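Peer 1: My questions are about this predicted structure, shown below with the sequence.
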Amino acid sequence: MLSIDGLQCTYGTAPIIQGLQLDVGEGEVVSVLGRNGMGKTTMVRAIAGMRPPEVRGGAIRLYEDDLVTLESYEVARLGVGLVPQGRHVFGSLTVIENLEVIARAPRHDADSWTVERVFDFFPRLDERREQFASNLSGGEQQMLAIGRALMTNPRLLLMDEPSEGLAPIVIGTIKETMRSLKGPGLSILLVEQNLGLALSLADRIAVMGPHGQIVWSGSPEALDADEAVKRSHLGV
Ligand SMILES: Nc1ncnc2c1ncn2[C@@H]1O[C@H](COP(=O)(O)OP(=O)(O)OP(=O)(O)O)[C@@H](O)[C@H]1O
Ligand SMILES: [Mg+2]
């Protein structure tokens with residue numbers, strides 16, 4: 001459903017991504033792993049229509065649409081939800097307000113997300129619905145960031161390091177949540193540095209190396225068995 005072909009991105013004149021190839025199939029969970037600064041967030045921003053970076057070449061296709069020329073709200077309307085790195089919830093709004101302000105892609109089937117469905121999904125948020133988001137724990141803010149992305153009724157969910165800065169037990173909760181999201185109606189592109197999370201959730205893993213290029217891809221089992229790739233590109 002998502003097909004990135006020969007993508008090139010810069011910040012100003014600095015080339016960051018120089019020829020990225022990546023595909024995500026329908027209902028597939030693909031995890032992109034890679035060290036700090038390789039270009040993972042740059043890729044996510046490029047897909048979501050956020051600028052910078054500037055896109056200098058290549059295509060990002062969602063089915064038949066090329067996303068490269070679209071504004072971020074147009075990409076969202078096509079069914080691409082974003083859980084940004086660092087979460088970025090609105091701290092001065094309450095939990096419920098954070099969910100209600102989301103512009104929603106119209107959808108009238110059983111997969112449509114509502115505020116109450118998000119609260120069923122995250123009981124912790126339900127208990128805190130009137131609290132300001134700034135008062136939530138890191139894990140709760142991550143749940144809220146995921147809930148906000150779900151409110152757009154995505155077909156593709158972009159998640160940029162959802163485990164960053166969270167305690168192992170909280171990462172476990174997020175993992176179970178994401179596992180229950182897996183299904184034919186939702187594809188997930190999961191950017192991570194947490195190898196364990198990627199290994200347990202992904203159908204396929206791609207490792208990003210220098211210049212934002214994919215240097216390895218394969219099954220979670222194959223990656224786990226490949227000590228050389230883990231050592232040289234993931235620092236484990
Ligand atoms: N707004 C910006 N202007 C200029 N350079 C930037 C900007 N944002 C990122 N960069 C640079 O682009 C490169 C890729 O950054 P990016 O944030 O995509 O890496 P990343 O793989 O997401 O890293 P991390 O795992 O630390 O989040 C880095 O060298 C970074 O310093
Ligand atoms: Mg990043």
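Peer 2: Received it, and whenever you're ready, just let me know what you need. Ligands and ions are numbered 1, 2, ... in the order given.
Peer 1: Flag every residue of the chain that's near ligand 1.
Peer 2: Residues of the chain lying near ligand 1 by CB under 6 Å from any ligand atom: 11, 14, 16, 34, 36-42, 52, 85, 193. C-beta: built from backbone N, CA, C; applies to glycine.
Peer 1: helix/strand/coil for Asp5?
Peer 2: strand (DSSP: H, G, I helix; E, B strand; the rest coil).
Peer 1: Could you do Gly57 as well?
Peer 2: Once three-state DSSP is applied, Gly57 turns out strand.
Peer 1: Leaving aside the residues adjacent along the chain, what's closest to the residue most central in space within the chain?
Peer 2: When CA atoms, centre = their mean is applied to the chain, the residue found nearest the centroid is Met159 (1.5 Å). Spatial nearest neighbour of Met159, chain neighbours left out: Val83 (4.5 Å); criterion: CB to CB, 6 or more residues apart in numbering.
Peer 1: okay, now the one you found: neighbour count?
Peer 2: Applying other CB atoms under 10 Å, we find 25 residues neighbouring Val83.
Peer 1: So what does it have for phi and psi?
Peer 2: Val83 has phi and psi values of phi -110, psi 100 when expressed as degrees, to the nearest 10.
Peer 1: from memory it sits against Ala149, does it?
Peer 2: Yes - counting by CB atoms under 8 Å, Val83 touches Ala149, with 4.8 Å between them.
Peer 1: what sits in contact with each of the two?
Peer 2: Leu157, Leu158, Met159 (CB atoms under 8 Å, 6 or more residues apart in numbering).
Peer 1: can you narrow the residues of the chain next to ligand 1 to ones near ligand 2?
Peer 2: Among the residues of the chain next to ligand 1, the ones lying near ligand 2 by CB under 5 Å from the ion are Lys40, Thr41, Gln85.
Peer 1: I'd like to know which elements the strand or helix carrying the residue nearest to the centre of the chain is packed against.
Peer 2: Secondary structure assigned from DSSP states H and E places Met159 in strand 156-160. For strand 156-160, the packing partners by 3 or more CB pairs under 8 Å, 6 or more residues apart in numbering; DSSP states H and E come out as helix 40-48, strand 80-83, helix 138-151, strand 187-192.
Peer 1: let's go with 10 Å and repeat that
Peer 2: Judged by 3 or more CB pairs under 10 Å, 6 or more residues apart in numbering; DSSP states H and E, strand 156-160 is in contact with strand 29-33, helix 40-48, strand 80-83, helix 138-151, helix 168-181, strand 187-192.
Peer 1: so, in contact with ligand 2 or not, the first one?
Peer 2: If I follow you right, that is strand 29-33. No - legend: contact between strand 29-33 and ligand 2 by CB under 5 Å from the ion is lacking; minimum distance shown is 10.2 Å.
Peer 1: what is the mean pLDDT for that strand?
Peer 2: What strand 29-33 shows for mean pLDDT is 98.
Peer 1: number of nearby residues for the closest residue to ligand 2 within the chain?
Peer 2: Closest to ligand 2 within the chain is Thr41: 3.1 Å, counting by CB to the ion. Using other CB under 10 Å, Thr41 has 18 other residues around it.
Peer 1: thought it was touching Glu192?
Peer 2: No - between Thr41 and Glu192 there is no contact under CB atoms under 10 Å: 11.9 Å.
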